[in-house]
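S.K.: with the sequence up front, the predicted model follows.
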Protein chains: 2
Amino acid sequence: MTINVIGAGTWGITLASLLSKRSDVLVWQRDNSKAKILNQTKTHPNLNRFKIPDNVKHTGTIEELDFNNITVIALPSHSFNSILSKCDLKNGQYLIASKGFNHDSSLLLSETLENLNVDKNNIAVISGPNHAEEIIEGKASASVIASVNNEYAKKLQSLLSSNTFRVYTSDDIVGVQIGGAIKNIIAIASGLCVGLELGDNTQAALVSRGMNEILNLESVYNLNHKTLYGLSGLGDLIATCYSPYSRNRQLGVLLAQGLKLKDAINQIGMISEGINACKFLNDITKKHNVEMPICNEIYKILFEKSDPSKSLENLMTRDLKDEN
Amino acid sequence: MTINVIGAGTWGITLASLLSKRSDVLVWQRDNSKAKILNQTKTHPNLNRFKIPDNVKHTGTIEELDFNNITVIALPSHSFNSILSKCDLKNGQYLIASKGFNHDSSLLLSETLENLNVDKNNIAVISGPNHAEEIIEGKASASVIASVNNEYAKKLQSLLSSNTFRVYTSDDIVGVQIGGAIKNIIAIASGLCVGLELGDNTQAALVSRGMNEILNLESVYNLNHKTLYGLSGLGDLIATCYSPYSRNRQLGVLLAQGLKLKDAINQIGMISEGINACKFLNDITKKHNVEMPICNEIYKILFEKSDPSKSLENLMTRDLKDEN
């Protein structure tokens, strides 16, 4: 058996390495010359203390992937649709490790796969407090794999679990994706708190409110609170909001220091998914008339030149009212 | 009008200072000589860049307090009962700023006041992500005041609110106290993660699970999930688990470094409420057969000489199962 991984970022390489204990793995990435270098050096530039296992191979030719096998999708959300729509996916099984919305339709990524003729019983998603840099070092981490097909979720659980990487299963594929997408926006807010030196009280107040405003999406999605307050929701939110590894938090810090969005993106050098998630969420909340004050202020900061300091002050001085 | 504050720790002094904008305040503390020094220097040893307002006075004589007024109780939980049971409280109104359980009965502190003949309509509690050190610097913070008497909660809200200290009201006096007591135990676990260098993924997984195991107390208390996932529950939990200001988190860090409990307490020099909360919670969970795995491991570390590293490993390698 060979398992495919599409996308050779830190998360794709980490999942490939976890899977390599039980299967050969073929990792695809767009740039063939980079695939060749990975085959030669067995070292990823952003995980440079880690040696990629020998049974993980790399290719830049997507035709080399056999889509009758299991395929892990670890693409940034902006290339999810453009790359996968060219492939014949219908006979395969998929694990979505990407986080965010479809850039052409604001659909969830699992819904996008269904539109590409994949049976929903062959779709799963993975999410949790999972900074790749720590998993690759063998530090204990836990994650959730969700699918409407419990048997498939259990199969993936067996393939990925180890003593240090604990996988839980869930049937709530929607809740896991919503938590994974929106937490990146709240993490930008958390980074702004850090950059503006607003203090630990303000940061915790915003993060906990951010957690709760995700539930306002109930009018759009069928949300299970247990999922959103679980590892893939709250757990991932906390990790992303407080860990220096988080690129979304880093983005907030840099914006607070006065950098323009473009310059902050360049300085980070990797994609901060919260930027795109914020854009698509804004379409969704406008269309469905959902109130999400923190995500809305982040939208204004990113796309309408709102001053971060004033936006955060707005959030902290909303009218006094009953908490419930 | 004079408002009483019982207890001259950092939180008592901070609340006294917030109240001083709308009332004279008389702060009681056990040590008369320290009260005299505060009257002279107007400086608290742990908030030494802050000048205590002139209309905040200090006394070591509890008979000087007029218990027909509003009294804020900012005592450590271990002296709550012993000090207050000597006073005639029945005609006053109270705001409990202490966190924890009654050391003689494992009752909630509001229940303790009721047993001291205070009408429940005259009892409120305050809790939130509120490190005193930041509030005193004027950094934006938000808090929750809960009482079964909404009118009294609103009165306290008016007395305490400012542009930088936002107070929300709630009717859930039980939920606010449970969140405030248990988060200190989870913060010890969070500090252990930091001290043992287990990484951001493990820490976030434990904090989010810690949040959710609090809800297992539903079989003992009438808990409103909205309160526990709100500012006074989740918000305070996150602040306490991630802020270096938290003494409970500090305790975890020191225990992870191999210090004995006694030595860690001495080094911190102020009370870590999580130690006592853990002890009383253990009685409660045993009596009512409630499963709280993280609090249980912290109990074993504090009182049964469990090795922190092994305890944390136990928590991260519990059997794989369905998340919901």
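M.R.: Thanks, I have it.
S.K.: residues from the stretch 51-200 of chain A in reach of chain B?
M.R.: Within the stretch 51-200 of chain A, the positions adjacent to chain B are A:128-131, A:134-135, A:137, A:139-142, A:144, A:157, A:161, A:163, A:166-172, A:198-200 by CB under 8 Å from any CB of the partner chain. Where C-beta positions appear, they are placed from N, C-alpha and C, glycine not excepted.
S.K.: measure the closest residue to residue A:182 other than its chain neighbours to residue B:72 for me?
M.R.: Leaving aside its sequence neighbours, residue A:182 sits nearest to residue A:214 (CB to CB, 6 or more residues apart in numbering or on different chains; 5.0 Å). Taking CB to CB, to the nearest Å as the measure, residue A:214 falls 35 Å from residue B:72.
S.K.: and residue A:106, by the same measure?
M.R.: 50 Å.
S.K.: strands of the stretch 51-200 of chain A, residue ranges please.
M.R.: For the stretch 51-200 of chain A, applying DSSP state E, counting those that start in this stretch gives strands covering A:56-59, A:70-73, A:93-96, A:123-127, A:141-146, A:165-170.
S.K.: columns mean neighbour count and mean pLDDT on top of those, output as JSON lines?
M.R.: Shown next, in JSON lines, are the strands of the stretch 51-200 of chain A (neighbours: other CB atoms under 10 Å in any protein chain shown; pLDDT from 0 to 100):
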{"stretch": "strand A:56-59", "mean neighbour count": "20", "mean pLDDT": "98"}
{"stretch": "strand A:70-73", "mean neighbour count": "24", "mean pLDDT": "98"}
{"stretch": "strand A:93-96", "mean neighbour count": "25", "mean pLDDT": "98"}
{"stretch": "strand A:123-127", "mean neighbour count": "28", "mean pLDDT": "98"}
{"stretch": "strand A:141-146", "mean neighbour count": "28", "mean pLDDT": "97"}
{"stretch": "strand A:165-170", "mean neighbour count": "22", "mean pLDDT": "95"}
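S.K.: could you check how far residue A:152 is from residue A:72?
M.R.: 13 Å.
S.K.: again, but for residue A:252
M.R.: 29 Å.
S.K.: residue A:240 reaches residue A:183, doesn't it?
M.R.: Yes: between residue A:240 and residue A:183 there is a contact under CB atoms under 8 Å: 5.1 Å.
S.K.: before we move on, the earlier item: shouldn't the residue nearest to residue A:182 be in contact with residue A:180?
M.R.: No: using CB under 8 Å as the test, residue A:214 is too far from residue A:180 to be in contact (10.7 Å).
S.K.: and the spatially most central residue of chain A, what's its pLDDT?
M.R.: Nearest to the geometric centre of chain A sits residue A:99, at 3.1 Å (CA atoms, centre = their mean). Per-residue pLDDT puts residue A:99 at 96.
S.K.: could you do residue A:316 as well?
M.R.: On the pLDDT scale, residue A:316 gets 82.
S.K.: try the one 5 residues further on
M.R.: What the model reports as pLDDT for residue A:321 is 54.
S.K.: same deal with residue A:1?
M.R.: Looking at residue A:1, its pLDDT is 86.
S.K.: leaving out sequence neighbours, find the closest residue to it.
M.R.: residue A:23 (5.0 Å).
S.K.: shouldn't the one you found be in contact with residue A:156?
M.R.: No: between residue A:23 and residue A:156 there is no contact under CB under 8 Å: 11.4 Å.
S.K.: between these two, who's got more neighbours?
M.R.: residue A:156 (22 against 16; other CB atoms under 10 Å in any protein chain shown).
S.K.: measure that one to residue A:15 for me?
M.R.: Residue A:156 sits at a distance of 10 Å from residue A:15 (criterion: CB to CB).
S.K.: mind listing what residue A:16 touches?
M.R.: Contact analysis of residue A:16 by CB atoms under 8 Å, 6 or more residues apart in numbering or on different chains lists A:3, A:5, A:25, A:27, A:52, A:56, A:72.
S.K.: how close does it get to chain B?
M.R.: Separation of residue A:16 from chain B (CB to the nearest CB, to the nearest Å): 18 Å.
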